[in-house]
Every structure is written in structure tokens, then in C-alpha cells.
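Chemist: model the following, please.
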Amino acid sequence: MKRPVALVLFFAILGVSLGALYWTQRRAKSTPSSANAVVDMIADAQRDVTRVPMRFTRLSDEQEIAIGRGLAVNYSGIEGRLSPEQEALRKYVQSVGGRVAARAHRKLPYEFHLLPDHNFINAFALPGGPVYIGEGMLDQMETEDELANVLGHEVEHIDHYHCVERYQLQAKLKKIDLEVVGQLLQLPLNVWEAGYHKDEEFEADREGMQLAVAAGYSPYGAVTLFERLAKLSNEYVIHAQTPEQELSELAIQSLEGYFRSHPQPSERLAQAQQVIAHENWEDRTKQKTFHVEYEVHATSPIVNF
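Modeler: Sure thing, here's the model as predicted:
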């Protein structure tokens, strides 16, 4: 009697094992090795990682500021030397960003930096206050209100703890104790360039609009920019119909990365219009021209563009 029972048990275990093996093989997927695939994996992983329920002890503002400054020092080489035009852009970004950040809930030392690269069509923030925007993103803007809404979006990633929570999670995964003085986890820039979870991106859009409006800007800055980004997505990323001379190949790759790591412009545009209707902002349509002045000492004293 014992032998049949043993045989039945043996074949049951064998069947389960074979079934598990079959299921594993069926689910197996090959991972492409192209550069775009790697960027896709980074963006997806960074978005997905924020879906994990946060169970961390909240760091103090002082700890968060120290982390952000440490990271900023490590990334200082990305800013490069600035031409007079770029220096004027930097000051312009700082001026607009300062007005927007003054309305943030958390009173942190927000700082605004220009990345002098026409191919970098993106912006990102670090814990504690540093905000970076690429010259390529500024190239896409026509109004100061558009700039205010983008900078407000990045400020809100800091203001709502999105940045520091990502840092805490990365530190936890690498078993770095942030309570130990001097412990600093150095992360590659693509960790910050990759977008956040969709809900966090939408939250940063909504709250960033609130900051911009509170600072005296039009909420339609978000609308017109999302409309322009939607057009770029259609022309370059989806159909690639626009002549190459208008955007370099590197800039197109930057756009692809931006659209992979953020919600679709059409979705963001729809939300912006809903926020405007909900807040009764329909009459706040007037926007300020994107206007920068810089000095050129060798020729005329002031040039406007």
C-alpha cells in the first residue's frame, strides 16, 4: 500500500515541477541591448520604483538639503562654461524660478541651474532644492509663463518629497544608512532625468500650475507648452516627419527619453484644461513674452531676444 502512495506523490511533485518549468520558459523574455532599450528600462524601473508604498522615516529638511547639495557638487561638471547669452538665460531662469519657488509650501533653498546643451530637452530636480533645465527645453518655449509652469512642476517634485523618497529607496536598495553622518549615495543623472510615477507627474503638473498662478503667471503657459510638446511628439517621436535640420539626432533622442518617462502630452494637456476650468482661470490667458537681455561688451551693450 505504501508503494502506490509513494508513486502518486512522486508523480504529483514531478508534474508540479514540470509545470513550473514550462511556465517559467513561457514567461521568459529576451532583453534588447540597444541604447534606447537601456534608457527604456531605466525609465520604467524608476517610474515603477515609486509605486512601492513608502515606509521610510521622513528625513528632516536639513538632511534632505545636505543630500541635494552633495549630489549637486557631484554633478557640477554638467553645467559647463556659459557664453554671455547662456549666462543671461541662467539669470532669467533663476529670476522666474525664484518667483515661483517663493510660493512653495516647503521653504527650502531652491536653486535653478541651466544645462547649456541645445540637445537636452528636459528638466529635473534633486532633493532639497536644486532644479536643472536644459537649454534645449528653453528652445521650445515662447513665453515666460511656459517657463514658470515647467519650473513650478520641478519645484513640486521637491515640495511633495518625490525626489527625496526616490533617493531613500535607492539608498535602502543599496543598504546605505542615511542616518550615518557622511553617508551619501551617488546616483547617475539618468535616475533624476527618468520621470516619476504617472500620479506623481500629474500631481507636479497640477501643483506647479498653482505655484505659477500664485506668482502672477498664466496657467495657459502649461497649455501652450503641452500643445507644443504634443506636436513635437507627433512629428519627431511617432512619425519622424520633420526635417532633420530642425532638431539634431541627439535632440530627438532626448525628446524620446522625455516622452518615455512622462505621461503623454495629450493627457497632461487634458488635465491642465480641467484644472483651469475647476479654478475658474479661463480669463487668465495673457502670457508674457519670453524675453532675455544680455551684454556683449565687444559690440553693442545690450542685445534682446
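Chemist: C-alpha only now, for contacts and for neighbours.
Modeler: Fine.
Chemist: show me where the stretch 151-300 of the chain has its helices.
Modeler: For the stretch 151-300 of the chain, the helices defined by DSSP state H, counting those that start in this stretch cover 162-173, 190-193, 198-214, 220-232, 249-260, 265-279.
Chemist: worst mean pLDDT among those helices?
Modeler: Across the helices of the stretch 151-300 of the chain, helix 249-260 has the smallest mean pLDDT, namely a mean of 75.
Chemist: among the helices of the stretch 151-300 of the chain, which is the most enclosed?
Modeler: Greatest average neighbour count among those goes to helix 198-214 (a mean of 22), per mean count of other CA atoms under 10 Å.
Chemist: hmm, who's touching it?
Modeler: 47, 100-101, 103-104, 145, 148-157, 162, 195, 218-219, 222, 262-263, 268, 271-272, 275 (CA atoms under 8 Å, 6 or more residues apart in numbering).
Chemist: please repeat the previous calculation with a cut-off of 7 Å.
Modeler: Helix 198-214 is contacted by residues 100, 103-104, 148-149, 152-153, 156-157, 219, 262-263 when judged by CA atoms under 7 Å, 6 or more residues apart in numbering.
Chemist: and if you look at stretch 98-118?
Modeler: 78-79, 82, 86, 90, 93-94, 97, 128-136, 148, 152, 155, 159, 211-212, 214-215.
Chemist: ok, and for it, which residues are buried?
Modeler: Judged by neighbour count (16 or more other CA atoms under 10 Å), stretch 98-118 contains these buried residues: 98-104, 106, 108, 110-118.
Chemist: tell me the pLDDT of V5.
Modeler: 48.
Chemist: likewise for D145?
Modeler: The model's pLDDT for D145 equals 98.
Chemist: grab the nearest non-local neighbour of it.
Modeler: G221 (4.6 Å; CA to CA, 6 or more residues apart in numbering).
Chemist: if I look at the one you found, how far off is G195?
Modeler: The spacing between G221 and G195, counted by CA to CA, to the nearest Å, is 21 Å.
Chemist: do the same with Q170
Modeler: Q170 sits 15 Å away from G195, taking CA to CA as the criterion.
Chemist: what residue ranges in this protein score low on pLDDT?
Modeler: By pLDDT under 70, the weakly predicted segments of the chain are 1-56, 179-183, 236-245, 294-305.
Chemist: would you map the strands across this structure?
Modeler: With DSSP state E as the criterion, the chain has strands at 111-115, 123-125, 130-134, 293-295, 302-304.
Chemist: who does the second one pair up with?
Modeler: Within its sheet, and counting by DSSP bridges, strand 123-125 is paired with strand 130-134 (antiparallel).
Chemist: give me the contacts around the strand it pairs with.
Modeler: Against strand 130-134 from outside (CA under 7 Å, 6+ apart): 68, 110-117, 120-125, 154.
Chemist: show me what contacts the closest residue to A66 other than its chain neighbours?
Modeler: In this structure, A66 finds its nearest non-sequential neighbour in G128, 7.4 Å apart by CA to CA, 6+ apart. G128 sits next to 64-65, 68, 108, 158 when contact means CA under 7 Å, 6+ apart.
Chemist: now distance to I176 too, for those residues, in JSON lines please.
Modeler: JSON lines is the format used below for these (distance: CA to CA, whole Å):
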{"residue": "E64", "distance to I176": "15"}
{"residue": "I65", "distance to I176": "17"}
{"residue": "G68", "distance to I176": "16"}
{"residue": "L108", "distance to I176": "24"}
{"residue": "I158", "distance to I176": "21"}
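Chemist: highest neighbour count among these?
Modeler: I158 (26 neighbours; other CA atoms under 10 Å).
Chemist: distance-wise, check it relative to G98.
Modeler: Distance of I158 to G98, given as CA to CA: 14 Å.
Chemist: swap in A272?
Modeler: 23 Å.
Chemist: same thing with P109?
Modeler: 10 Å.
Chemist: next one: stretch 107-124 to chain centre, how far?
Modeler: From the chain centre to the centre of stretch 107-124 is a distance of 11 Å (CA atoms, centre = their mean, to the nearest Å).
Chemist: what does stretch 132-147 give?
Modeler: The answer for stretch 132-147 is 14 Å, by CA atoms, centre = their mean.
Chemist: so what's the residue count around G80?
Modeler: Taking other CA under 10 Å as the criterion, the count of residues near G80 is 11.
Chemist: again, but for D159
Modeler: Using other CA under 10 Å, D159 is surrounded by 25 other residues.
Chemist: can you name the residues that contact it?
Modeler: By CA under 7 Å, 6+ apart, the neighbours of D159 are 104-106.
Chemist: how does it look with 10 Å?
Modeler: 101, 104-108, 110, 127-129, 152-153, 204, 207-208 (CA atoms under 10 Å, 6 or more residues apart in numbering).
Chemist: this completes my enquiry, with thanks.
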